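Novice: prediction below, plus the sequence it came from.
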Amino acid sequence: MEVYLIRHTTPVFAPGLIYGRTELLLHADFPSELDAVRTRLGTGFDIVYSSPAFRCTELARAISPAFSTDFRLQELDFGEWEGKTWDTVDQEALQLWMDDYVNVRTPGGESMMQMYARVREFWMELGQSGGGKAVVVTHAGVIRLILSIVDQIPLNRVFDIKIAYGEVIRVRING
């Protein structure tokens, strides 16, 4: 099975904003970014999945009006930190999280290990769904975790994986 992982296009947000689950509008350049995604993507997909976030569903809808959303494709839940900026959250709690984001939950949110469990569940189900071509429109965090599964990258190294807005990554699932 061929899977095309696509990070949503550029959202509008203030520098330093914590926006895992926060809804954001898309940048005015969305039409040209969409054209670039379409060029890299091609056609002929059997299924399109999307995170339920607006910044993902708009891109998924433009690829195929028959897309499906899946909550497991959501970005990390930052809980009480959502919509705040990094410099305004409790700095001690932030340091604890930064020291071990794999296991430490954000206040009222989730840890990367919790996020990994839901992303892995989605990925394993997708792999068992048969052959064909699939598109997954989601977030950088989700794509990093899928790549950590595929390439066996330790979770404490996933932020080394850089993923641009609108980037298309082709992955093969065998068996």
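Specialist: Structure received. Source: prediction; values computed, not measured.
Novice: which residue is the nearest non-sequential neighbour of the residue nearest the centre of the chain?
Specialist: Centroid check for the chain by CA atoms, centre = their mean gives residue 139 as the closest residue, at 1.9 Å. In space, and not counting its chain neighbours, residue 139 is closest to residue 75: 3.9 Å by CB to CB, 6 or more residues apart in numbering. Quick note: C-beta positions are derived from backbone N, CA and C, even for glycine.
Novice: for the one you found, helix, strand, or coil?
Specialist: Following DSSP: H, G, I helix; E, B strand; the rest coil, residue 75 is assigned to coil.
Novice: pretty sure it sits against residue 23.
Specialist: No: look at residue 75 against residue 23 with CB atoms under 8 Å: they stay out of range, at 11.2 Å.
Novice: between the two, who's got more neighbours?
Specialist: More crowded of residue 75 and residue 23, by other CB atoms under 10 Å: residue 75, with 20 against 11.
Novice: residues contacting the more buried one?
Specialist: Neighbour list for residue 75: 19, 20, 21, 51, 53, 138, 139, 140, 141, 142 [criterion: CB atoms under 8 Å, 6 or more residues apart in numbering].
Novice: got those as a markdown table, with distance to residue 149, pLDDT and secondary structure columns?
Specialist: Formatted as a markdown table, these follow (distance: CB to CB, whole Å; pLDDT from 0 to 100; DSSP: H, G, I helix; E, B strand; the rest coil):
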| residue | distance to residue 149 | pLDDT | secondary structure |
| --- | --- | --- | --- |
| 19 | 24 | 96 | coil |
| 20 | 20 | 96 | coil |
| 21 | 22 | 95 | coil |
| 51 | 17 | 98 | coil |
| 53 | 21 | 98 | coil |
| 138 | 14 | 98 | strand |
| 139 | 16 | 98 | coil |
| 140 | 15 | 98 | helix |
| 141 | 13 | 98 | helix |
| 142 | 11 | 98 | helix |
